[in-house]
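J.: no sequence for this one, just the structure:
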(Lines give C-alpha, C1' and ligand atoms only; values in the text may rest on other atoms or scores of the structure.)
Protein backbone atom coordinates (compact mmCIF):
# COMPACT_ATOMS: atom_id res chain seq x y z
CA UNK A 1 0.00 0.00 0.00
CA UNK A 2 1.11 3.52 -0.74
CA UNK A 3 1.87 5.42 2.39
CA UNK A 4 2.07 9.20 2.62
CA UNK A 5 2.91 10.55 6.03
CA UNK A 6 2.95 14.10 7.34
CA UNK A 7 5.07 15.22 10.26
CA UNK A 8 2.29 16.61 12.44
CA UNK A 9 -1.48 16.18 12.65
CA UNK A 10 -1.95 19.42 14.58
CA UNK A 11 0.31 22.44 14.82
CA UNK A 12 -0.09 25.79 16.57
CA UNK A 13 2.27 28.62 15.66
CA UNK A 14 2.54 32.34 16.27
CA UNK A 15 2.34 35.05 13.64
CA UNK A 16 5.74 35.67 12.08
CA UNK A 17 7.19 32.27 12.89
CA UNK A 18 8.83 30.17 10.19
CA UNK A 19 6.91 26.93 9.83
CA UNK A 20 8.02 23.67 8.24
CA UNK A 21 5.54 21.01 7.17
CA UNK A 22 7.11 17.72 6.15
CA UNK A 23 5.71 15.03 3.88
CA UNK A 24 7.23 11.63 3.15
CA UNK A 25 6.06 8.95 0.72
CA UNK A 26 7.38 5.42 0.57
CA UNK A 27 6.45 4.33 -2.97
CA UNK A 28 9.11 5.99 -5.09
CA UNK A 29 6.56 8.39 -6.60
CA UNK A 30 7.97 11.07 -8.85
CA UNK A 31 5.26 13.67 -8.21
CA UNK A 32 4.44 15.30 -4.90
CA UNK A 33 1.91 18.02 -4.07
CA UNK A 34 0.89 20.42 -1.35
CA UNK A 35 -2.73 21.58 -1.04
CA UNK A 36 -4.60 23.59 1.47
CA UNK A 37 -8.23 22.92 2.25
CA UNK A 38 -10.59 25.55 3.59
CA UNK A 39 -14.36 25.32 4.14
CA UNK A 40 -16.24 26.40 1.04
CA UNK A 41 -13.07 26.68 -1.06
CA UNK A 42 -12.26 23.02 -1.62
CA UNK A 43 -8.66 21.97 -2.21
CA UNK A 44 -6.30 24.52 -3.66
CA UNK A 45 -2.88 23.65 -5.02
CA UNK A 46 0.02 25.51 -3.45
CA UNK A 47 3.04 23.88 -5.11
CA UNK A 48 3.98 20.63 -6.71
CA UNK A 49 7.19 18.86 -7.62
CA UNK A 50 7.78 16.39 -10.43
CA UNK A 51 11.39 15.53 -9.61
CA UNK A 52 14.07 16.18 -7.03
CA UNK A 53 14.86 19.89 -6.85
CA UNK A 54 12.11 20.64 -9.40
CA UNK A 55 8.99 22.55 -8.43
CA UNK A 56 6.10 24.41 -9.98
CA UNK A 57 3.76 26.96 -8.50
CA UNK A 58 0.15 26.11 -8.06
CA UNK A 59 -2.77 28.49 -7.65
CA UNK A 60 -1.82 30.08 -4.32
CA UNK A 61 1.97 30.03 -3.85
CA UNK A 62 2.24 33.43 -2.19
CA UNK A 63 3.66 33.21 1.32
CA UNK A 64 4.89 29.65 0.77
CA UNK A 65 8.01 27.95 -0.50
CA UNK A 66 8.90 24.30 -0.95
CA UNK A 67 11.92 22.05 -0.89
CA UNK A 68 12.51 18.65 -2.42
CA UNK A 69 16.05 17.48 -1.77
CA UNK A 70 15.20 13.77 -1.82
CA UNK A 71 12.65 11.95 -3.92
CA UNK A 72 10.61 10.72 -0.97
CA UNK A 73 10.39 14.01 0.93
CA UNK A 74 8.58 17.25 0.08
CA UNK A 75 8.58 20.13 2.53
CA UNK A 76 6.28 23.12 2.66
CA UNK A 77 7.70 26.24 4.29
CA UNK A 78 5.74 29.21 5.56
CA UNK A 79 8.42 31.89 5.66
CA UNK A 80 6.53 34.15 8.06
CA UNK A 81 3.27 32.62 9.22
CA UNK A 82 0.15 34.75 9.16
CA UNK A 83 -3.32 34.16 10.56
CA UNK A 84 -4.76 33.74 7.05
CA UNK A 85 -2.59 30.66 6.66
CA UNK A 86 -4.60 28.86 9.32
CA UNK A 87 -5.87 25.86 7.38
CA UNK A 88 -5.73 22.13 6.77
CA UNK A 89 -2.66 21.24 4.71
CA UNK A 90 -2.71 18.07 2.65
CA UNK A 91 0.25 16.42 0.97
CA UNK A 92 -0.19 13.99 -1.91
CA UNK A 93 1.98 11.93 -4.23
CA UNK A 94 1.51 10.18 -7.56
CA UNK A 95 3.52 7.86 -9.72
CA UNK A 96 3.12 9.52 -13.11
CA UNK A 97 0.92 10.11 -16.13
CA UNK A 98 1.54 6.68 -17.61
CA UNK A 99 0.08 4.93 -14.60
CA UNK A 100 -3.15 6.92 -14.41
CA UNK A 101 -1.66 9.59 -12.19
CA UNK A 102 -3.83 8.74 -9.21
CA UNK A 103 -2.89 10.87 -6.24
CA UNK A 104 -2.54 9.41 -2.75
CA UNK A 105 -3.03 11.71 0.19
CA UNK A 106 -1.45 11.99 3.60
CA UNK A 107 -3.53 12.41 6.78
CA UNK A 108 -3.25 16.20 6.76
CA UNK A 109 -1.83 18.80 9.13
CA UNK A 110 -4.23 21.21 10.77
CA UNK A 111 -2.25 24.41 11.27
CA UNK A 112 -3.44 27.22 13.50
CA UNK A 113 -1.59 30.53 13.40
CA UNK A 114 -2.31 32.78 16.38
CA UNK B 1 -8.43 28.35 -16.71
CA UNK B 2 -9.85 24.96 -15.83
CA UNK B 3 -13.01 25.03 -13.74
CA UNK B 4 -14.48 21.97 -12.10
CA UNK B 5 -18.02 22.29 -10.80
CA UNK B 6 -19.92 19.82 -8.72
CA UNK B 7 -23.57 19.77 -7.90
CA UNK B 8 -25.21 19.58 -5.61
CA UNK B 9 -22.83 20.93 -2.98
CA UNK B 10 -24.90 19.44 -0.20
CA UNK B 11 -27.16 16.42 -0.37
CA UNK B 12 -29.28 15.02 2.40
CA UNK B 13 -30.94 11.76 1.52
CA UNK B 14 -32.70 8.90 3.20
CA UNK B 15 -31.31 5.41 3.41
CA UNK B 16 -32.42 3.21 0.55
CA UNK B 17 -32.78 6.05 -1.96
CA UNK B 18 -30.84 6.60 -5.18
CA UNK B 19 -29.15 9.79 -6.23
CA UNK B 20 -26.55 11.19 -8.61
CA UNK B 21 -23.76 13.70 -8.07
CA UNK B 22 -22.63 15.62 -11.14
CA UNK B 23 -19.18 16.91 -12.02
CA UNK B 24 -18.72 19.27 -14.97
CA UNK B 25 -15.38 20.57 -16.16
CA UNK B 26 -14.54 23.33 -18.56
CA UNK B 27 -11.62 22.10 -20.71
CA UNK B 28 -10.79 18.91 -22.56
CA UNK B 29 -9.68 16.02 -20.41
CA UNK B 30 -9.42 12.31 -21.06
CA UNK B 31 -9.52 11.33 -17.40
CA UNK B 32 -11.20 12.14 -14.12
CA UNK B 33 -10.82 11.10 -10.48
CA UNK B 34 -13.26 10.69 -7.63
CA UNK B 35 -12.25 10.93 -3.98
CA UNK B 36 -14.02 10.50 -0.69
CA UNK B 37 -13.30 12.43 2.50
CA UNK B 38 -14.70 11.52 5.91
CA UNK B 39 -15.02 14.31 8.50
CA UNK B 40 -11.63 15.19 9.97
CA UNK B 41 -9.86 12.74 7.67
CA UNK B 42 -7.86 12.95 4.49
CA UNK B 43 -8.90 12.08 0.94
CA UNK B 44 -9.26 8.49 -0.19
CA UNK B 45 -9.20 7.55 -3.85
CA UNK B 46 -12.47 6.03 -5.07
CA UNK B 47 -12.36 5.83 -8.84
CA UNK B 48 -9.95 6.56 -11.66
CA UNK B 49 -11.73 7.05 -15.00
CA UNK B 50 -9.25 6.98 -17.85
CA UNK B 51 -11.28 7.21 -21.05
CA UNK B 52 -14.53 8.32 -22.60
CA UNK B 53 -17.34 5.97 -21.62
CA UNK B 54 -15.41 4.55 -18.66
CA UNK B 55 -17.61 3.13 -15.94
CA UNK B 56 -16.40 1.90 -12.59
CA UNK B 57 -18.43 0.40 -9.76
CA UNK B 58 -17.64 -0.32 -6.15
CA UNK B 59 -20.47 -1.47 -3.93
CA UNK B 60 -23.29 1.07 -4.04
CA UNK B 61 -21.26 3.65 -5.95
CA UNK B 62 -20.91 3.82 -9.71
CA UNK B 63 -18.93 6.47 -11.59
CA UNK B 64 -18.97 7.23 -15.31
CA UNK B 65 -17.20 9.63 -17.63
CA UNK B 66 -18.39 11.36 -20.80
CA UNK B 67 -15.43 13.31 -22.13
CA UNK B 68 -17.40 14.82 -25.00
CA UNK B 69 -19.94 16.34 -22.62
CA UNK B 70 -17.13 17.07 -20.08
CA UNK B 71 -19.28 15.40 -17.47
CA UNK B 72 -18.84 12.71 -14.88
CA UNK B 73 -21.51 11.26 -12.64
CA UNK B 74 -21.29 9.46 -9.32
CA UNK B 75 -24.42 7.41 -8.81
CA UNK B 76 -25.45 6.18 -5.39
CA UNK B 77 -27.73 3.17 -5.25
CA UNK B 78 -29.79 2.37 -2.14
CA UNK B 79 -27.81 4.70 0.09
CA UNK B 80 -26.65 3.59 3.53
CA UNK B 81 -25.45 5.72 6.42
CA UNK B 82 -21.82 4.61 5.90
CA UNK B 83 -21.75 6.52 2.63
CA UNK B 84 -22.04 9.82 4.48
CA UNK B 85 -18.93 11.79 3.50
CA UNK B 86 -17.75 14.54 1.16
CA UNK B 87 -17.09 13.47 -2.41
CA UNK B 88 -14.69 15.32 -4.70
CA UNK B 89 -14.07 15.01 -8.40
CA UNK B 90 -10.75 16.14 -9.89
CA UNK B 91 -9.43 16.73 -13.41
CA UNK B 92 -5.82 17.04 -14.61
CA UNK B 93 -4.70 20.55 -15.41
CA UNK B 94 -3.72 21.27 -18.98
CA UNK B 95 -0.55 22.97 -17.84
CA UNK B 96 1.46 20.55 -15.74
CA UNK B 97 -0.84 17.61 -16.26
CA UNK B 98 0.48 15.90 -13.22
CA UNK B 99 -1.47 18.28 -11.01
CA UNK B 100 -5.23 18.12 -10.48
CA UNK B 101 -7.94 20.72 -10.10
CA UNK B 102 -10.60 19.68 -7.63
CA UNK B 103 -14.28 20.48 -7.50
CA UNK B 104 -15.68 22.08 -4.37
CA UNK B 105 -16.97 18.79 -3.08
CA UNK B 106 -20.43 17.38 -2.43
CA UNK B 107 -21.27 16.79 1.19
CA UNK B 108 -23.52 13.74 1.38
CA UNK B 109 -25.55 13.06 4.48
CA UNK B 110 -27.53 9.81 4.56
CA UNK B 111 -30.27 9.81 7.17
CA UNK B 112 -31.26 6.50 8.75
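T.: Nice, thanks for sending it over. As the structure is a prediction and not an experimental result, all values here were calculated from the model. Residues are numbered from 1 along each chain as shown, chains lettered A, B, ... in the order given.
J.: show me where pLDDT drops low in the chain?
T.: As the question left the chain open, I've gone with chain A. For chain A, the stretches flagged by pLDDT under 70 are A:1-2, A:97-100.
J.: actually it's chain B I care about, not the one you picked
T.: B:94-97.
J.: and residue 82, how many neighbours?
T.: Because you didn't say which chain, this covers chain A. By other CB atoms under 10 Å in any protein chain shown, the residues close to residue A:82 number 13. For the C-beta atoms, the positions are set from N, CA and C on the backbone; glycine is no exception.
J.: Chain B is the one I meant
T.: Neighbourhood size, residue B:82 [other CB under 10 Å]: 11.
J.: what's it sitting at in phi/psi?
T.: In terms of degrees, to the nearest 10, the main-chain angles of residue B:82 are phi -60, psi -20.
J.: Excluding chain neighbours, what is closest to it?
T.: Using CB to CB, 6 or more residues apart in numbering or on different chains and skipping the chain neighbours, the partner closest in space to residue B:82 is residue B:110 (7.9 Å).
J.: Pairing partners for the helix or strand that neighbour falls within, with directions?
T.: Using DSSP states H and E, residue B:110 falls within strand B:106-111. Partners of strand B:106-111 in the sheet, by DSSP bridges, are strand B:10-14 (parallel), strand B:85-92 (antiparallel).
J.: Of all the residues in the shortest one, which ones are buried?
T.: Spelled out, that is strand B:10-14. B:11, B:13 (16 or more other CB atoms under 10 Å in any protein chain shown).
J.: Kindly report the same for stretch B:105-112.
T.: Residues of stretch B:105-112 classed as buried: B:105, B:106, B:107, B:108, B:110 (neighbour count, 16+ other CB under 10 Å).
J.: For chain B, which segments are assigned as strands?
T.: Remark: strands assigned in chain B by DSSP state E are B:4-7, B:10-14, B:19-25, B:32-37, B:43-49, B:55-58, B:61-66, B:71-76, B:85-92, B:100-102, B:106-111.
J.: Could you export the ones you listed as a markdown table, including distance to residue A:109?
T.: Shown next, in a markdown table, are the strands of chain B (distance: least, CB to CB, whole Å):
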| stretch | distance to residue A:109 |
| --- | --- |
| strand B:4-7 | 24 |
| strand B:10-14 | 26 |
| strand B:19-25 | 27 |
| strand B:32-37 | 15 |
| strand B:43-49 | 14 |
| strand B:55-58 | 29 |
| strand B:61-66 | 29 |
| strand B:71-76 | 28 |
| strand B:85-92 | 19 |
| strand B:100-102 | 18 |
| strand B:106-111 | 22 |
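J.: Distance to residue B:55 for the buried residues of stretch B:105-112 - can I get that in JSON lines?
T.: Formatted as JSON lines, these follow (distance: CB to CB, whole Å):
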{"residue": "B:105", "distance to residue B:55": "22"}
{"residue": "B:106", "distance to residue B:55": "19"}
{"residue": "B:107", "distance to residue B:55": "24"}
{"residue": "B:108", "distance to residue B:55": "20"}
{"residue": "B:110", "distance to residue B:55": "23"}
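J.: just those residues now: which is nearest residue B:44?
T.: Of all those, residue B:44 sits closest to residue B:105, with 13.2 Å by CB to CB.
J.: Does that closest one touch residue B:85 like I think?
T.: No - with contacts counted by CB atoms under 8 Å, residue B:105 stays clear of residue B:85, the gap being 9.6 Å.
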